[in-house]
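A.B. asks: generate coordinates for the sequence data below:
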Amino acid sequence: MENVKNQIENLRETLRYHSNRYYNDDAPEIEDYEYDMMMRDLKNLEEQYPEYDTPDSPTKKVGGKADNSFESVVHSVRMESLQDAFSEEELYDFDSRVLSVVSNPAYCVEPKIDGLSVSLEYENGVFVRGSTRGDGNIGEDVSGNIKVIHNVPLKLKKDIPFLEVRGEVYMPKKSFENVVDKQLLNGEKPFKNPRNAAAGSLRQKDSAVAATRGLDIFIFNIQQITGVTLHSHKESLDFLKELGFSTVPGYTLVHSMKEAVDEIDKIGEKRGSLEFDIDGAVIKVDDFEMRNQLGSTSKFPKWAVAFKYPPEEKQTKIIDIEIAVGRTGVLTPTAVLEPVHLAGTTVSRATLHNSDFIKEKGIAVGDVVTVRKAGDIIPEVLCVNKHNSNEIYEYPVFCPSCGSAVVKENGEAAIRCINPDCPAQLLRNLIHFCSRDAMDIEGLGPAILETFVQNGLIEKTEDIYALTYEKIENAALEGFKEKSINNIIRSIENSKKNDLGKLIFALGIRHIGAKAGSLLANRFKNMDAIMHASFDDILQIDGFGEVMAESVYDFFRNEKSVNLIQSIARSGVNMNCFSVVNDTRFEGKTFVLTGTLPTLKRSEASKIIESFGGKTSSGVSKKTSYVLAGEEAGSKLDKANALGIEIINETEFMEMIK
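C.D. replies: Residues are numbered from 1 along each chain as shown. Alright, predicted model coming up:
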């Protein structure tokens, strides 16, 4: 019995971890199906051994929770989750439970959109608030980000006194591909799937960022309504359409479980061709009075069930393995496959993740493998079904793009090329180098840089400073006239005057952001001193750890890096730190900034603090001197109060710097 108890506790701990990764961090580590099967195992064990059941078990809870960075919203109508079913037998069991309470129910069948569940509230037909589900009782106010979703009506076609609807914010597959392309281009970690991307976008503090993500929404339920009486689910969805909502597509009324199962099969067949992700189909009792009779458990309504489609898997053969060099230098292996039809499309390529995965599975060209689409989007190899006689695939020791030796850093699975002139990384490096927080070369945006690279005007980073009016004009590129060319040349010249800290950040040293670049510049004062600094010297900088110090030290011992710096120095780019602190009133003081300040941007406040010899930190600790707080200050404010740290507002801060 002790083994059973341990098994239950281990399952609970694992499920809580993955639930937090999925709902709150928007960074799932396992597939939904794997999570669902663990949840099912736990539920079966709790039913079999009720003496080990507890009220705080994951089987009793909705997975999310309200994030402290947003204002909390208490849901007056609980946003329930749905009971899952994975087979026809379980659907017929659900039908039997319904028939034991009501007679001749009609069911509404609809796709289960894979996104983030939200509530929208309207008063007199005007949108007043949008919130996430959270734990079902308390969610997050994300009204600003909801407003920028193009098909959310801010004014309804009828003036309903009060209406609360529930919907699913999702990211269309095309939008997801565009977002991931941009993330890769900027060297960011890409979202794993559209659901993850939608959740991350909806929780952006800046609604302008959310507006660029191409989010969409389907409304699938009325939570509350006054002034109108409705009798069934289908009637309510039809009514929501009249009000101007985009309702869940393809909802169908059926009159038996057999018809419902047939409809689920039809939805499943179309799954791969849809422009959005679904992870199942939902069956709901249509009549509202019948729903009242059926009621709910502590977690699920008894009048609905969600059928989850299992991930489709197929076997095929690896006919080749190709290595691509990403824009951050990571060498990514891809299996070239004998084409196989999978989740609605023909798949001929699948990711092999990294070198550790290949070694672990013993993968070789010619192996028969099982493939599936992770999140129904990205094809991946799962396992080897049959090995051939070849040896395990050997990862290259030299970059296939530039021939430089590749490295595997401690604690990382990735093998990467660190040559700053690697052609495969060139465009990403150029975009970063010219960006606002780096060298701020206005006019050299991603599209223009790509054009210049394609036409041979730029082959490496230092070529930016070799650009002349004549070179650009002689290239005869469409859209480049006298004024635009002069603006580019002027901006390049202006960038030569930047402080050393911006240049260090522009170099794209791994783990070194804009703030770390400024710290390096302030500590060593010129580029030559940084290049000759020892590992221990760099490690002494307050805020630097071993990983950052090692990254800086290694970068400046790379011959290509040295050549780049020497070349742009000859072009007249400043190599010295300008910042000299004359007033040291904040020396030894550490500020933490949180919330939205009335007039100052955080970056502006940080510069002021540093100009007076102080420093800023992202986290509150006993070493924090002041917390500068604005509106919507979150958990940092709570921690500051708990530690007894002085909290100041912008007015008090401005008094301090007079």
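A.B. asks: for the stretch 501-650 of the chain, which segments count as strands?
C.D. replies: 590-594, 615-617, 626-629, 646-648 (DSSP state E, counting those that start in this stretch).
A.B. asks: pLDDT averaged over the third one, what's the number?
C.D. replies: The reference is to strand 626-629. Strand 626-629 shows a mean pLDDT of 91.
A.B. asks: ok, now the first one?
C.D. replies: The predicted model gives strand 590-594 an average pLDDT of 89.
A.B. asks: residues contacting residue 530?
C.D. replies: Contact analysis of residue 530 by C-beta atoms under 8 Å, 6 or more residues apart in numbering lists 504, 520, 521, 524, 552, 556. Bear in mind the C-beta positions are built from the backbone N, C-alpha and C, glycine included.
A.B. asks: show me what contacts the fourth one?
C.D. replies: Going back to what we said before, that points to residue 524. 530, 533, 577.
A.B. asks: cutoff 6 Å now
C.D. replies: residue 530 (C-beta atoms under 6 Å, 6 or more residues apart in numbering).
A.B. asks: how near is it to residue 538?
C.D. replies: The gap separating residue 524 from residue 538 is 9 Å, by C-beta to C-beta, to the nearest Å.
A.B. asks: joint contacts of these two?
C.D. replies: With C-beta under 6 Å, 6+ apart, residue 524 and residue 538 have no common neighbours.
A.B. asks: quick one on the thing from earlier: any idea which of the strands of the stretch 501-650 of the chain gets closest to residue 415?
C.D. replies: The minimum distance between residue 415 and the strands of the stretch 501-650 of the chain falls on strand 615-617, with 33.3 Å, by C-beta to C-beta.
A.B. asks: which other residues reach the closest one?
C.D. replies: Contacts for strand 615-617 (C-beta under 6 Å, 6+ apart): 590, 591, 592, 606, 609.
A.B. asks: spatially, which two of those are the most separated?
C.D. replies: 590 and 606 (11.7 Å).
A.B. asks: chain neighbours aside, what residue packs nearest to residue 520?
C.D. replies: residue 504 (5.4 Å; C-beta to C-beta, 6 or more residues apart in numbering).
A.B. asks: same deal with residue 368?
C.D. replies: The nearest residue in space to residue 368 (C-beta to C-beta, 6+ apart) is residue 386, at 4.1 Å.
A.B. asks: what is the most widely separated pair among the contacts of residue 530?
C.D. replies: Farthest pair in the contacts of residue 530, by C-beta to C-beta: 521 and 556, 13.7 Å.
A.B. asks: neighbour count winner among these two?
C.D. replies: Per other C-beta atoms under 10 Å, whichever of residue 521 and residue 556 has more neighbours is residue 521, with 25 against 17.
A.B. asks: quick check, pLDDT for the more buried one.
C.D. replies: Value listed for residue 521 in the pLDDT field: 90.
A.B. asks: got a list of what it touches?
C.D. replies: 500, 501, 577.
A.B. asks: so it versus residue 531, what's the distance?
C.D. replies: 13 Å.
A.B. asks: and stretch 578-593, which residues are buried?
C.D. replies: 586, 589, 590, 591, 592, 593 (16 or more other C-beta atoms under 10 Å).
A.B. asks: need the residues that contact that stretch.
C.D. replies: 499, 602, 605, 609, 612-617, 620, 623-628.
A.B. asks: what's the distance between that stretch and the middle of its chain?
C.D. replies: 35 Å (C-alpha atoms, centre = their mean, to the nearest Å).
A.B. asks: and what of stretch 470-482?
C.D. replies: Distance, centroid of stretch 470-482 to centroid of chain: 39 Å (C-alpha atoms, centre = their mean).
A.B. asks: where do the helices sit along the stretch 1-150 of the chain?
C.D. replies: 2-23, 32-48, 88-99, 143-147 (DSSP state H, counting those that start in this stretch).
A.B. asks: need the winner for burial among those helices.
C.D. replies: helix 143-147 (a mean of 20; mean count of other C-beta atoms under 10 Å).
A.B. asks: related to what we said a few turns ago, and the contacts of residue 521, which is closest to residue 55?
C.D. replies: residue 501 (53.8 Å).
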